[in-house]
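**Student:** fold the stuff below for me.
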Amino acid sequence: MAIDFKAQAEALRDELIARRRDFHQHPELAFEEFRTAGIVAQELNNLGLEVRTGVGKTGVIGILEGGREGLTILIRADMDALPILEENDHDYNSTVPNKMHACGHDGHTAIALGVAKLLSQHRDQIAGRVKFVFQPAEEVGLGAKAMIADGAMEDPRPDVSVGLHLWNSMPVGKIGVADGAVMAGASIFDIRVTGKGAHAASPHQGIDPVVCAAQIVTAFQTVVSRSADPLDTLVVSVTSVRAGEAYNIIPQFAELRGTVRYFRNETRDMARERMREIAVNMGFAMRCEVEFNMTDLTIPVINNADVGAKLRPLFEQVVGADGLDMNCRTMGAEDVSLFMNDVPGMYFFVGAQDMTAMSYYGHHHPRFTIDENALPLGVALLSTAIASYVLTE
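**Tutor:** Residues are numbered from 1 along each chain as shown. So this is what the prediction gives:
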């Protein structure tokens with residue numbers, strides 16, 4: 001008889017909410033997740049899992065070993081918060097100034113612990129093992145790299161990867177389960193434009209880096225509109241412009257920063273070369289020296305079609321046919337992609353929109369919030385997915 005994980009997850013509702021609220025009240029930034037990691041490790045130990053701590057500095061791995069040989073399924077949850085001052089009025093607001101769980105990672109951690117609790121109750125039916133990966137520093141794109149460098153993908157190496165992201169632009173009961181690229185790869189760029197300072201009243205005596213930087217910003221818009229295939233997906237955003245501090249001084253240099261988002265690595269490579277050509281040649285045309293650097297943070301999150309085909313019918317039993325959204329994609333980035341790079345997997349979105357809020361505030365906003373009904377649903381979906389690979393009758 002199939003296990004009703006939805007009912008079992010619902011029985012954990014109060015525990016899940018309390019756990020999530022505790023994490024929410026005590027947010028920790030990238031590679032500072034010592035309290036969160038300590039709670040995670042203690043809970044996994046209490047459940048009888050094999051636990052490794054300090055993986056990638058503050059990451060935790062717990063292995064739930066079955067009694068027979070079989071597949072290794074990786075489930076990943078991120079733990080870090082954001083440098084944001086919370087503006088909500090919950091009774092469980094962040095107690096740490098300028099730090100807030102504004103992306104749902106508190107919920108992700110609570111959900112993964114709930115999955116560990118449920119599956120550990122069925123240990124004798126497990127053929128293979130479940131590898132729980134609690135990751136630091138997702139928000140800065142460095143946590144997955146750090147954990148993988150510390151051997152997170154080895155001993156044992158996973159055969160399949162599953163994970164979820166609470167998504168507060170979707171109502172509870174809806175889940176995003178598209179195949180292919182569902183989250184973008186992300187790169188960041190830094191540009192320094194050096195000119196020649198002068199009195200603003202005598203611009204002819206200097207070389208203005210501000211004007212050059214402005215031309216670069218404008219010309220970058222053509223990378224998407226004229227260099228990328230119109231059927232491809234690419235975002236180039238300049239998000240920081242810094243130059244000078246006085247009204248009457250043409251500064252010596254100007255700096256530009258921003259991000260590039262893409263679904264295909266080939267598109268990223270094209271954007272990098274076009275941006276470099278534009279920046280350097282614009283500098284040459286305007287007698288400025290230009291330094292261009294672009295750093296890759298993450299690669300696209302790619303859902304495996306075979307894994308999706310296996311899991312969607314099971315998810316449909318939990319949320320109904322109307323609950324499956326096959327088109328949910330975002331240009332947001334997630335370094336879970338590194339765990340899925342050469343391991344087939346599925347990373348899906350779980351609707352968590354708080355319909356009681358007066359207005360909608362998205363991820364990374366000081367008033368971000370979720371509907372906590374999504375927590376037991378997330379546990380049910382992940383437990384169902386993992387069980388389909390490792391649980392026997």
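**Student:** from here on, just use CA atoms for contacts and neighbour counts.
**Tutor:** Fine.
**Student:** could you pick out the longest helix of this structure?
**Tutor:** helix 265-285 (DSSP state H).
**Student:** for that helix, buried residues please.
**Tutor:** 267-268, 271-272, 275-276, 278-283 (16 or more other C-alpha atoms under 10 Å).
**Student:** turn these into TSV, including pLDDT and distance to residue 338.
**Tutor:** Listed next are these as TSV, based on pLDDT from 0 to 100; distance: C-alpha to C-alpha, whole Å:
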residue	pLDDT	distance to residue 338
267	97	18
268	98	17
271	98	21
272	98	21
275	98	25
276	98	26
278	98	30
279	98	30
280	98	32
281	98	34
282	98	35
283	98	36
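**Student:** got the contact list for the longest helix of the chain?
**Tutor:** Identification of contacts with helix 265-285 by C-alpha atoms under 8 Å, 6 or more residues apart in numbering yields 185, 193, 212, 215-216, 219-220, 223, 227-228, 232, 234, 260-262, 289-292, 294, 299.
**Student:** and the residues you listed, which of them are buried?
**Tutor:** For the contacts of helix 265-285, a burial check counting by 16+ other C-alpha under 10 Å picks out 185, 193, 212, 215-216, 220, 223, 228, 234, 260-262, 289-290, 292, 294, 299.
**Student:** what about those residues, which are in strands?
**Tutor:** Those of the buried ones among the contacts of helix 265-285 mapping onto strands are 185, 193, 234, 260-262, 289-290, 292, 294, per DSSP state E.
**Student:** which two from those residues end up farthest apart in space?
**Tutor:** 185 and 289 (29.4 Å; C-alpha to C-alpha).
**Student:** show me what contacts the nearest residue to residue 167 once chain neighbours are set aside?
**Tutor:** Leaving aside its chain neighbours, residue 167 sits nearest to residue 351 (4.9 Å; criterion: C-alpha to C-alpha, 6 or more residues apart in numbering). Listed by C-alpha under 8 Å, 6+ apart, the contact partners of residue 351 are 166-176, 374.
**Student:** then residue 335?
**Tutor:** For residue 335, the contact set (C-alpha under 8 Å, 6+ apart) comprises 138, 141-144, 297-299, 301.
**Student:** cool, residue 196 as well?
**Tutor:** Residue 196 touches 206-209, 250-253, counting by C-alpha under 8 Å, 6+ apart.
**Student:** chain center to the longest helix of the chain: distance?
**Tutor:** When distances are taken as C-alpha atoms, centre = their mean, to the nearest Å, helix 265-285 is centred 27 Å away from the chain's centroid.
**Student:** residue ranges of the helices in the stretch 51-200 of the chain, please?
**Tutor:** Applying DSSP state H, counting those that start in this stretch to the stretch 51-200 of the chain gives helices spanning 105-120, 143-149.
**Student:** out of those helices, which is closest to residue 77?
**Tutor:** Checking the helices of the stretch 51-200 of the chain against residue 77 by C-alpha to C-alpha gives helix 105-120 as the closest, at 5.5 Å.
**Student:** what does the closest one rub up against?
**Tutor:** 8-9, 12, 16-17, 19-21, 23-24, 40, 43-44, 47-48, 64, 75-81, 132, 134, 164-166, 375-376, 378-380, 382-383, 387.
**Student:** any idea what sits nearest residue 25, other than its immediate chain neighbours?
**Tutor:** Leaving aside its sequence neighbours, residue 25 sits nearest to residue 94 (C-alpha to C-alpha, 6+ apart; 4.1 Å).
**Student:** OK, contacts around the one you found?
**Tutor:** Applying C-alpha under 8 Å, 6+ apart to residue 94 gives the contacts 24-27, 86, 100-101.
**Student:** tell me how far residue 51 lies from residue 164.
**Tutor:** Plainly put, residue 51 is 22 Å away from residue 164 if you go by C-alpha to C-alpha, to the nearest Å.
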